[in-house]
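Engineer: The following block contains a protein sequence and its predicted model.
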Amino acid sequence: MNRIYTENLECGLKMNCRIKIILMLLTFLVGVKVSQAFDKKLVNLDGTKLSAKVLAVESGCVEQVFVDGKTRLKCVAQPYESVRFRLFAPEGVWNLKPYVNVTVDFENTGANEAFVRILIKDVKTQSESWYRPNLSHNAWIAVEESRSFDALLVRHKYSNPAVKPSYMDLFPKMHGLPHAQMLVWYGVDVTQISELLFELQPKAYAQTVYVDDVRATRRASPVLLEKNPDAFFPFIDQYGQYIHEDWPNKVMSDQDLIRQRKLEDQDLKKYPAPKSYNSFGGWNQGPTFKSTGHFRVKKVNGKWWFIDPVGKLFWSFGCTGIGYQPVRIALPGKAHFYAGLPDLDDPNFGDLYYRDRRKGFEPPDYKGVNAFLGGDYILRKKYGDSYREIFKSRSLRRARSWGLNTCGAWSSVVKEQPDNLKMPYTKELWVSGKQLKPIHKLVDPFEAKFSAWVERAVRGNEFAIDDPYCIGFFCNNEIHWGANPVKVVRDIINCDDSVAARRALGAFFAKRQVEVSNASEADLLAFYSHLLETYYKKCRDAVKKIAPNKLYLGSRLHDGALRKEAFSAAAKYCDVVSVNVYEKDVKAFNVRDERDQPFFTEDVPFLVGEFDFGALDRGKFFSGIGFAADQRNRGECMKYFIESALDNPRCVGAHWFHYYDSPTGSRYFDNENANCGIVSTSDTPYVELIDAFRSMAKRLYSYRNNGSTE
């Protein structure tokens, strides 16, 4: 039970609090009994010795032992050694479609924290990588702790039609369905789980961990939805929360909003920004270098750093989307999802309905409107009529209190920050112009006006051009450079001469004295590199022309663009290469195509523009691309990721995505309805995650400077 939730129970009338506690305990006890009856034991550890058909030990010591009245697996690892073993489905496969988690009971009897990795495999899993598209979890067990760990079953919706529930069409444009069914482009076929691979990670000390009661838990599909779909709707309340489940700190009334606001006021006062931060968030106890009045990068003792405007070492620990974000609810086809929304003529909230004509919104089918500002509805109730200005200051106070030192992309607070709350920030540029259609999101860099278009985008952010707190600019976001560079160039060849890139390709091949029709693969790849270098060079030159004191931070490369040519071009022209990394860590980039090796070997700094971990224990149906067992594990995974980034000598920062969860019924323009936020859609901070952020921030600079102490 988290801290704020406990304080909520302790506040107000004692009798009401007692009633709440009794009701919650009764609900919990009933829920436990129902849950236990539904659970499915995957491996029977009791009574009989596991055969080689079920248990295979590959390293370390694993034995069945009888302890405390039951049989468990005892795993013993000597210093710097691992324990690695597999549990196989006794009948060949487990069909776990009805379940949300594979739950494992761990007990750590050692003198230090234990770290266990779990890989969930289906019959088609081709590798044993801990990284996507495979499904793995990281579990930490504290000293003398017994922990039930919920390894989320992420469902690969393209692996087998049987993975999808029959009622999927009732929930359009949603990556996650109630109660907690993630249906995405990675993960496993949950109908054919074949084995579980466990690995107790090597440490400098000996470890002893017990494993017990491996089972499938939590009903994935709501009984009410299966028996009476009409009664299931609406399933989202006025605070943007799932109606059919309860959890700690769920907002039940407007009074809860006010009570949480007051409790958080005390929390923010208690926890100011870390003492190791200077006014820019730089390391005030570290060495001092030349002051330029703006951010720059420098390699110091073998590690790349930002240098802040006053000459202090700076590592960017940030979050995207800090501040007010218009949480737009799309109503066509989904109005029946929501309960308790105000009437159109409501004098206090009716103005939050409107007609949105942007791409992604369907024509109105709900009383002449097609959108509702659900986030504004909650914030106005919580902070009053001046909620946007109040929320701006509060968001900055939160970020500083949580130990963040950077407002990442899409942070609305960065313009006109209050002097006493100013934070460094990065700014995204949306370069608009004629698109090069074979490459999604790319404005054709061979267009004569391309540089002018970039310059226009920079000038559109005039407030940032000479602001010392502005670190630099990104140009666009996650351009899809293509899985197959040769195919990308062939697609450009098939364009007509109205496309500038096609004309540039003809001139490029003519200079090489190559006929387009006879171009070799090497010729095609040469033009692919030329295209990339043209893009990054022109963006860099345009940014420097208008904002010479700002860093060019690249285009926020992503998992779909792990092409060696893209990273080499970015490394050549960017001050800092930006890359969005939705993996467990950044020890190495998850390059899955051998043709891209060796990958990004250039000694240049890079910034992680996005990473996160979500869980499905707070009424959300989709974790986001990064997934965790629960809110505690979100914080553990965040710290592990940040430590790996701090260990990487080229990494100069990492930004969590996102400040807010995405709406439970999904964003209006795509299917995302993730638990990605530090704050829920009801404006409730996730205290377990915040505790982890604060803990990490306290040792951010000492860790970066000295490295892991293990």
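Structural biologist: Now that the structure is in, tell me what you want to look at.
Engineer: Name the residue closest to the centre of this protein, please.
Structural biologist: Nearest to the geometric centre of the chain sits D612, at 2.4 Å (C-alpha atoms, centre = their mean).
Engineer: and the closest residue in space to F627 that isn't next to it in sequence, what does it touch?
Structural biologist: In this structure, F627 finds its nearest non-sequential neighbour in L152, 5.4 Å apart by C-beta to C-beta, 6 or more residues apart in numbering. Just so you know, the C-beta spots here come from the backbone N, C-alpha and C atoms, and that holds for glycine as well. Counting by C-beta atoms under 8 Å, 6 or more residues apart in numbering, L152 makes contact with 100-101, 137, 180, 182, 615-616, 623, 627-629.
Engineer: so the residue nearest to the centre of the chain sits right up against G626, yeah?
Structural biologist: Yes. D612 is within contact range of G626, at 4.9 Å (criterion: C-beta atoms under 8 Å).
Engineer: Which residues are in contact with each of the two?
Structural biologist: Common neighbours of D612 and G626, using C-beta under 8 Å, 6+ apart, are Y582.
Engineer: lowest confidence element among the helices and strands of this protein?
Structural biologist: Here the helix or strand of the chain ranked lowest by mean pLDDT, DSSP states H and E is helix 3-10, holding a mean of 34.
Engineer: quick revisit: most neighbours among the contacts of L152, which one is it?
Structural biologist: Among these, F627 has the most neighbours (other C-beta atoms under 10 Å), with 31 neighbours.
Engineer: Phi first, then psi, for that residue.
Structural biologist: The phi and psi values for F627, taken as degrees, to the nearest 10, are phi -130, psi 150.
Engineer: Where strands are concerned, which of the contacts of L152 count?
Structural biologist: 100-101, 137, 182 (DSSP state E).
Engineer: Any figure for the gap between the residue nearest to F627 and K564?
Structural biologist: 32 Å (C-beta to C-beta, to the nearest Å).
Engineer: now do A692
Structural biologist: From A692 across to K564, the span is 34 Å (C-beta to C-beta).
Engineer: For these two, indicate the residue with more neighbours.
Structural biologist: Under the neighbour definition other C-beta under 10 Å, A692 and K564 were set side by side, and A692 has more, 23 against 18.
Engineer: State the phi and psi torsions of the more buried one.
Structural biologist: The phi/psi pair for A692 (degrees, to the nearest 10) is phi -70, psi -40.
Engineer: so D265 is in which element?
Structural biologist: Applying DSSP states H and E as the criterion places D265 in helix 254-270.
Engineer: Would you agree S644 falls within a strand?
Structural biologist: No. Membership of S644 in a strand is not supported by DSSP: H, G, I helix; E, B strand; the rest coil, which gives helix.
Engineer: sec struct for the nearest residue to it once chain neighbours are set aside, please.
Structural biologist: Setting aside the residues directly before and after it, S644 is nearest to D585 in space (C-beta to C-beta, 6+ apart), at 3.6 Å. Three-state call for D585 (three-state DSSP): coil.
Engineer: Could you list the low-pLDDT ranges of the stretch 1-150 of the chain?
Structural biologist: Within the stretch 1-150 of the chain, the segments meeting pLDDT under 70 span 1-36.
Engineer: before we move on, what about the chain?
Structural biologist: Filtered on pLDDT under 70, the chain yields the residue ranges 1-36, 708-710.
Engineer: Try it again at 90.
Structural biologist: 1-37, 45-49, 66-70, 357-368, 560, 668-669, 707-710 (pLDDT under 90).
Engineer: Just the element for the residue in it sticking out farthest from the centre, please.
Structural biologist: Taking C-alpha atoms, centre = their mean, the residue of the chain most remote from its mean C-alpha position is Q513, at 47.4 Å. Assigned by DSSP H and E, Q513 belongs to neither a helix nor a strand.
Engineer: Same question for D491.
Structural biologist: For D491, the host element (DSSP H and E) is helix 485-493.
Engineer: And for E199?
Structural biologist: Here E199 is assigned to strand 193-200, by DSSP H and E.
Engineer: Which strands border the helix or strand following that strand, and is each parallel or antiparallel?
Structural biologist: Per DSSP H and E, the first helix or strand lying C-terminal to strand 193-200 is strand 207-219. When pairing is defined by DSSP bridges, strand 207-219 lines up against strand 40-41 (antiparallel), strand 70-77 (antiparallel), strand 99-108 (antiparallel).
Engineer: which one of these is the most hemmed in?
Structural biologist: The highest mean neighbour count among those, using mean count of other C-beta atoms under 10 Å, belongs to strand 99-108: a mean of 22.
Engineer: Which strands or helices does the next helix or strand after that strand pack on?
Structural biologist: Moving toward the C-terminus from strand 99-108, the next helix or strand (DSSP H and E) is strand 114-122. Under the contact definition 3 or more C-beta pairs under 8 Å, 6 or more residues apart in numbering; DSSP states H and E, strand 114-122 sits against strand 99-108, strand 135-141, strand 146-152, strand 193-200, strand 207-219.
Engineer: Recalculate using a threshold of 10 Å.
Structural biologist: Applying 3 or more C-beta pairs under 10 Å, 6 or more residues apart in numbering; DSSP states H and E, one finds that strand 114-122 makes contact with strand 70-77, strand 83-88, strand 99-108, strand 135-141, strand 146-152, strand 193-200, strand 207-219.
Engineer: so can I have a markdown table of these showing distance to E264?
Structural biologist: Listed next are those as a markdown table, based on distance: least, C-beta to C-beta, whole Å:
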| stretch | distance to E264 |
| --- | --- |
| strand 70-77 | 41 |
| strand 83-88 | 42 |
| strand 99-108 | 30 |
| strand 135-141 | 27 |
| strand 146-152 | 28 |
| strand 193-200 | 39 |
| strand 207-219 | 30 |
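Engineer: Could I get the full set of strands for the stretch 201-350 of the chain?
Structural biologist: 207-219, 296-300, 303-307, 313-314, 316-319, 328-330 (DSSP state E, counting those that start in this stretch).
Engineer: Put together a markdown table for those, with mean neighbour count and distance to Y277 on each row.
Structural biologist: Listed next are those as a markdown table, based on neighbours: other C-beta atoms under 10 Å; distance: least, C-beta to C-beta, whole Å:
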| stretch | mean neighbour count | distance to Y277 |
| --- | --- | --- |
| strand 207-219 | 20 | 35 |
| strand 296-300 | 16 | 18 |
| strand 303-307 | 23 | 13 |
| strand 313-314 | 26 | 9 |
| strand 316-319 | 26 | 10 |
| strand 328-330 | 24 | 34 |
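Engineer: which stretch among those comes nearest L197?
Structural biologist: Closest to L197 of the strands of the stretch 201-350 of the chain, according to C-beta to C-beta: strand 207-219, at 12.2 Å.
Engineer: and the angle from that closest one to strand 146-152?
Structural biologist: On the basis of axes from the mean of the first three to the mean of the last three C-alpha atoms, to 10 degrees, strand 207-219 is oriented at 50 degrees to strand 146-152.
Engineer: How far does strand 207-219 sit from its chain's centre?
Structural biologist: 26 Å (C-alpha atoms, centre = their mean, to the nearest Å).
Engineer: do the same with stretch 489-500
Structural biologist: Relative to its chain's centre, stretch 489-500 lies at 36 Å (C-alpha atoms, centre = their mean).
Engineer: Could you list the buried residues of that stretch?
Structural biologist: For stretch 489-500, a neighbour-count test (16 or more other C-beta atoms under 10 Å) marks 489, 491-493, 495, 499-500 as buried.
Engineer: where exactly do the helices run in the stretch 451-600 of the chain?
Structural biologist: For the stretch 451-600 of the chain, the helices defined by DSSP state H, counting those that start in this stretch occupy 462-465, 485-493, 500-511, 521-546, 564-573.
Engineer: Need the winner for burial among the ones you listed.
Structural biologist: helix 564-573 (a mean of 22).
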